[in-house]
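Model the following, please.
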Amino acid sequence: MSLAAVFSRVLTMSLTGSAAILAVCLARLALRRAPAWLPCALWAVVLVRLLCPVGLPLLPEPVAMADPLTAWADDYLGETTIYQDNTPEYRQAVEAGRVPVEEGGGRYVVTAPDGVSEPATVGSRVFPVLGSVWLAGLAGMLFVGAAHWRRLRRRLTGCVRLRENIWLADRIPGPFVMGVIRPRIYLPSWLEEPARGLVLRHERQHIRQRDHWTRLLAWAALCLHWFNPLVWLAFSLSGRDMEIRCDENATRGLSPALRADYAAALLRFAAQRRPVSPSPAFSEGDAGARIRRLARWKRPAAWAVGIAALCCGILAVGLLADPAATPPESAAPSLPSPPPEPSPAAPQSTPAPSPDDAAAPASYVSGMTLPELMTDCGFAADATPYAVWPETGEPELTLWFDPDRGVGCGTLYADGASPLFRFDQTGPCWYANAIDCWPADPFDPACTLAPDPESTVRDYQETTDRDEAGRIVRWTATGFLEEAGETVTVRSDAYTYREDGTLACRDYFHSDRLFGTWLFHCRLWYDEQQRLTRASGTVTHGRTDYFYFYQGGNRPAWQLCLDESGGFLAAWMTPME
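Numbering: from 1, shown residues only. Got it, this is the predicted structure:
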C-alpha cells in the first residue's frame, strides 16, 4: 500500500474519530453527575474509531456517513481532456489504460492534456505530499515519546523495591504506573503514611482497570493523528475522566478524615505538571476539579445509573457502526466518478427540463407497459409503427405517431434498457433544432455551434486526411490556446462510409473550453441520400437524441427530440415543414 493510500486511510479514521469525539464531549455534559466509568467507556469507543479502520457493519447505507474523502480525492487538478467514444482519441486513450466512464447513454474518457496519460487528481498529487508531512510528524511524535521514556528511566536509576510491584525513587516528581506486561507503581521516596497508602489505592485502581494498556493505546492514537486538535483534546479529557474514576473507586468506603487526607495528597501533587505521557499518574488532571467532585460526589440511584448506561450503550453502538454490506442490485460494474463540469467558455447549453415545468411539452418515463401506453395514447396493440430507427438491424427507436392528433409514444433502446416516452401535442422543441446547426452538405466543416474558430486560438491550422479512394476520413482544426499554454484541437470531424461509398455517419467535436458544452461531442447518421436521420450527442446535463423523418425531399417533415437527464426521458415532436 502506497504512502498516499495509508494517509488517506488515516485521514478517514481521523474524520470518523472526530465525529465520535464531539459526540462524547456532548455526552460528558449530560454525565456530569454520573459515575466516571460511563464517560471512560465512551472514550474507549473513540479509541476504537481512531485505531481501527473499520467499524461494526450495522447501519443501512442511507443512514451511515459516506466516505467524505472519496469526492475530494477524485477531484481533478489542472487541465483535463474529455474524449467521447465516437472519436479516435477515445480508442487511443482506452488502449493506453484509461478507464471509460458511462453516463447518459454514452461513454467518454478523461485524460491529461496529452490525450493518453492519467489526469492529475488530489489523490495522486496532493495526498503523497500530505502523506510525507504526516509521516514526518509521526516520526517526531515517536521521537519525543522515546526521549521522554529515556529521561524517565534515568530518573528511576537507583530506585528501591518497597514490596511486590511497588518501588520508591528519589528523583521523580509524583507517583505513576509504568510497564505493560508487569506494571510497576513508582512512588516518591519522601512520601509518607497515610498519604502513601491513599496514593497506592489510587494507583492500584489504574492497574486493576488496565489503564496502563488503555493509556498506551491512547498515546498511539495521538501519534497517529497528531495533526487533529480534537484528538489532543480527547487525550486530555479521557485522562481526566480516568483519574476521576480511580478517585471514586479509591475513596469508596473511606471515612471523611481519610477522604480529607486524599484531597490533601491531590493538592500536594497538583503543582507537578508532567508532559504528555502514556503512563497513568496520580497528579494528572485538574486537581481542583477532582477535589470538588470528591466533595460533592454522591452515588446516584441504581435506576438512574441504569438509564445512563443504556443511553451510553446506544451511543456507543452508533459510534462504532459502519454501513452494512449490501449486495449490488445488478451485475453492472461500478463506474468511476464523472469528470468535473467543463468550463463554460462560451455556454450554449440549456437547463434540463423539469417535470414541474408545465410550459415544456414533454412527457417522462412512464410506469406503464408498452401495450398499456399504446392503448392510453389511442393506438391498437398491433398498430404499425410510424418509424423504426435504424430501418435494418436491431431497432434503437420504435415510434407510434398520429400527425392528425399530434399524439405519439414509443421506446428508446439504449444500454440494455428500453424506457418509454409519450407526447400529447406537437410544437417547437425546447432546444434548438439540431439539423439547423450544420450545412446541408455534410462535408462542409462550418457549424453554428462553433462559429469563427480561427479567432479563438493562435496559429490556427486545418488538416484533411483522405483514404485511398480520395474520400475525406478526417478534418481537424488546431491552434495554440493562450490560457492553456498548449496546442489544442479546436474542431474535428471524422467520417465513416458504407460499402457502397455513401456517407454513413459523421463524428463531430468542438472544444468545450472554446465553444461551450452543447453537443460538443455528437454523432450524425445519414441515409443513402445523404440526409441527416439522427444526431446524438453530449450536453451539459446528459444526452440528447434527434431523429428526423422525411416524406420526400431533403427537408424532414418531423423532428423527434429525446432528452435523457437524471433518469428521465423527455420527448418533443416538432413539425419542420
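
Leaving aside the residues adjacent along the chain, what's closest to residue 28?
In space, and not counting its chain neighbours, residue 28 is closest to residue 39: 5.2 Å by C-beta to C-beta, 6 or more residues apart in numbering. Bear in mind the C-beta positions are built from the backbone N, C-alpha and C, glycine included.

what about the stretch 101-250 of the chain, any weak spots by pLDDT?
102-106 (pLDDT under 70).

do that again at 80, thanks
101-108, 114-116, 122-124 (pLDDT under 80).

From residue 181, how far out is the residue lying closest to residue 184 once chain neighbours are set aside?
Spatial nearest neighbour of residue 184, chain neighbours left out: residue 165 (4.9 Å); criterion: C-beta to C-beta, 6+ apart. As judged by C-beta to C-beta, to the nearest Å, residue 165 and residue 181 stand 12 Å apart.

Neighbour count: the two, which is higher?
With neighbours defined as other C-beta atoms under 10 Å, residue 165 and residue 181 compare such that residue 165 has more, 16 against 6.

so what strands line up beside the strand ranked longest in the chain?
Determined from DSSP state E, the single longest strand within the chain is strand 486-497. Its sheet considered, strand 486-497 pairs with strand 472-481 (antiparallel), strand 503-510 (antiparallel) by DSSP bridges.

Adding distance to residue 444, write those strands out as JSON lines.
What follows is the strands paired with strand 486-497, written out as JSON lines (distance: least, C-beta to C-beta, whole Å):
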{"stretch": "strand 472-481", "distance to residue 444": "10"}
{"stretch": "strand 503-510", "distance to residue 444": "11"}
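
and those strands, which is most packed in?
For the strands paired with strand 486-497, the largest average neighbour count (mean count of other C-beta atoms under 10 Å) is found in strand 503-510, namely a mean of 22.

coming back round to it: dump the strands paired with strand 486-497 to JSON lines, plus distance to residue 401 and mean pLDDT.
Shown next, in JSON lines, are the strands paired with strand 486-497 (distance: least, C-beta to C-beta, whole Å; pLDDT from 0 to 100):
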{"stretch": "strand 472-481", "distance to residue 401": "35", "mean pLDDT": "92"}
{"stretch": "strand 503-510", "distance to residue 401": "24", "mean pLDDT": "91"}
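
Now residue 199: closest residue in space that isn't a chain neighbour?
residue 175 (5.1 Å).

List the backbone torsions phi and psi for the one you found.
For residue 175, the backbone dihedrals (degrees, to the nearest 10) come out as phi -80, psi 150.

Touching, it and residue 185? I think so.
Yes - the criterion here is C-beta atoms under 8 Å, and residue 175 meets it with residue 185 at 6.9 Å.

one step back: and the longest strand of the chain, what's its mean pLDDT?
For strand 486-497, mean pLDDT is 90.

Also stretch 453-466?
90.

what's that stretch in contact with?
Contact with stretch 453-466 is made by 445, 472-482, 487-488, 490-491, 510, 514-515, as judged by C-beta atoms under 8 Å, 6 or more residues apart in numbering.

and stretch 419-426, how far from the chain's centre?
Here the centre of stretch 419-426 is set off from its chain's centre by 37 Å, with C-alpha atoms, centre = their mean, to the nearest Å.

pull the CA atoms of that stretch into PDB?
In PDB, the C-alpha atoms belonging to stretch 419-426 read as follows (Å, rounded to 0.1, in the frame of the first residue of the first chain):
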ATOM      1  CA  PRO A 419     -37.600   3.500 -21.400                       C
ATOM      2  CA  LEU A 420     -41.000   4.500 -22.600                       C
ATOM      3  CA  PHE A 421     -41.900   8.000 -23.700                       C
ATOM      4  CA  ARG A 422     -45.000   9.900 -24.900                       C
ATOM      5  CA  PHE A 423     -46.100  13.300 -26.100                       C
ATOM      6  CA  ASP A 424     -49.700  14.600 -26.300                       C
ATOM      7  CA  GLN A 425     -49.000  17.600 -28.600                       C
ATOM      8  CA  THR A 426     -46.600  18.800 -31.200                       C
END
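
Relative to residue 520, how far out is the closest residue to residue 457 other than its chain neighbours?
Sequence neighbours aside, residue 479 is the residue nearest to residue 457 in space, at 2.7 Å (criterion: C-beta to C-beta, 6+ apart). Distance of residue 479 to residue 520, computed by C-beta to C-beta: 17 Å.

isn't residue 38 right up against residue 310?
No - with contact defined as C-beta under 8 Å, residue 38 does not reach residue 310; the gap is 10.6 Å.

neighbour count winner among those two?
More neighbours surround residue 38 than the other of residue 38 and residue 310, with 20 against 10 (other C-beta under 10 Å).

pretty sure the more buried one is in a helix, no?
Yes - counting by DSSP: H, G, I helix; E, B strand; the rest coil, residue 38 falls inside a helix.

Report the contact partners of it.
For residue 38, the contact set (C-beta under 8 Å, 6+ apart) comprises 31, 308-309, 312.

switch to 6 Å and redo it
Going by C-beta atoms under 6 Å, 6 or more residues apart in numbering, residue 38 touches 31, 308, 312.

So which of those wins on neighbours?
Within the contacts of residue 38, neighbour counts (other C-beta under 10 Å) peak at residue 312, which reaches 21 neighbours.

Next one: that one from residue 39, what distance?
The gap separating residue 312 from residue 39 is 8 Å, by C-beta to C-beta.

So the closest residue to residue 235 other than its chain neighbours: helix, strand or coil?
In space, and not counting its chain neighbours, residue 235 is closest to residue 222: 5.0 Å by C-beta to C-beta, 6+ apart. The three-state label given to residue 222 by three-state DSSP is helix.
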